[in-house]
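> Test case, fold it:
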Amino acid sequence: MTIVVINNSGIGNRIKNIVAAVRKGHLINDVVDIRCEHESLFRVAQCVIVPRHDHFEVMSTWRLQLLPEENNRKVLREPKYLVEYHDQSYQGSLGNIIDFQYSNIEKDVIEDFLRYFALILINQEILNEADLLTSELEVQSRVGVHIRTWYDAPDRHANLFDIQDYFMVLDQFADEKKFILCVDHDMARRAILNRYGEERVLEPPNREIGHISVDLRSKVGFYSMLDMLLLSRCEALVGTYQSTFTECAWWFGGATKPIFIPKPSIILELEKEIFFRDSNS
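Got it, this is the predicted structure:
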């Protein structure tokens, strides 16, 4: 039997799904059958494992979570709420989920998951382009900026996206600091360019803007993977709340880069509500 990975959503979701599945497969000594459309972007290195005959599971998720038998393992330095916003509903949860916790994750847990992110072997053509742009744009001395407008998800766009949130974070950087900008829609691109100027906002040339939930066009996939690599090589990251694209860029960068995530006002209110509820329970 086996663990079957089926996930044809965005690149960040696919990568996290694969990492979680391969890690689980290694821990329970089972084989992982990956059925995602990603071969033009990356392949996955796996150990050959004899499949368990008593186990079959389909994994289609974006969660990075320790297994139930790992519950005795300390996961976070200071547990923080994971507030999820989907169609005007939310929940406060954590357990041993490490999604979107970044530097709040214990060092040994980070090192463990990095072993599995290292199994994602990116297409050589994308790597070559990333190496060229890393040198030309001096990426390693820049601040990477990933903006997900959620334009393909109207409810999320209305409630989770506000360009002013990004301005508040980016305004705190010194005027001479340059940004590597990666966005999913031209409206966000134009807003950042208008505020900070073309001299300060650097972009990969001739790119196809993407990063949406499902987009199988090869050119969009190529430039999305390229964006993720460039972000991972920046000295610091400004990312999007609840974006697995931002999250994977942080992991590919070694999970050590300073990261700044503007929180939407609705999330701040939900956190207050959860804190008040739990403190009075």
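> Flag the shaky bits of the stretch 1-150 of the chain, pLDDT-wise.
Applying pLDDT under 70 to the stretch 1-150 of the chain flags the ranges 1, 47-55, 71-75, 78-79, 86-95.
> Now do the helices in it.
11-27, 107-117, 124-136 (DSSP state H, counting those that start in this stretch).
> any chance of the ones you listed in a markdown table, with mean neighbour count and distance to Leu193 too?
Glycine gets a C-beta too; all of them are placed from N, C-alpha and C. Below are those laid out as a markdown table (neighbours: other CB atoms under 10 Å; distance: least, CB to CB, whole Å):
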| stretch | mean neighbour count | distance to Leu193 |
| --- | --- | --- |
| helix 11-27 | 22 | 24 |
| helix 107-117 | 16 | 32 |
| helix 124-136 | 14 | 18 |
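> mind checking which of the ones you listed is nearest Thr240?
Nearest to Thr240, of all the helices of the stretch 1-150 of the chain, is helix 11-27, at 10.2 Å by CB to CB.
> before we move on, the earlier item: now the helices of the stretch 1-150 of the chain in CSV, please, with extra columns for distance to Asp175.
Shown next, in CSV, are the helices of the stretch 1-150 of the chain (distance: least, CB to CB, whole Å):
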stretch, distance to Asp175
helix 11-27, 31
helix 107-117, 33
helix 124-136, 22
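> With respect to Pro154, which of those lies nearest?
Counting by CB to CB, Pro154 lies closest to helix 11-27 out of these; the figure is 19.0 Å.
> I'd like to know which elements that closest one is packed against.
Helices and strands touching helix 11-27, by 3 or more CB pairs under 8 Å, 6 or more residues apart in numbering; DSSP states H and E, are strand 3-5, strand 32-34, strand 42-44, strand 57-59, helix 107-117, strand 120-122, helix 218-233, helix 244-252.
> if we go to 6 Å?
When contacts are defined as 3 or more CB pairs under 6 Å, 6 or more residues apart in numbering; DSSP states H and E, helix 11-27 packs onto strand 3-5, strand 32-34, helix 107-117, helix 244-252.
> out of those, nearest to Gly12?
Nearest of the helices and strands packed on helix 11-27 (CB to CB): helix 244-252, 3.1 Å.
> Let me know the angle separating the closest one from helix 11-27.
With axes from the mean of the first three to the mean of the last three CA atoms, to 10 degrees defining the directions, helix 244-252 sits at 50 degrees from helix 11-27.
> which strands and helices sit next to helix 244-252?
Applying 3+ CB pairs under 6 Å, 6+ apart, one finds that helix 244-252 makes contact with helix 11-27, helix 218-233.
> mind listing what's buried in the shortest one?
Right, helix 218-233. 220-233 (16 or more other CB atoms under 10 Å).
> before we move on, what about stretch 142-159?
The neighbour-count check on stretch 142-159 (16+ other CB under 10 Å) flags 142-150, 152-153, 156, 159 as buried.
> Check the residue lying closest to Arg148 once chain neighbours are set aside and give its pLDDT.
Nearest residue to Arg148, sequence neighbours excluded (CB to CB, 6 or more residues apart in numbering): Thr240, at 3.9 Å. If you check Thr240, the pLDDT there is 96.
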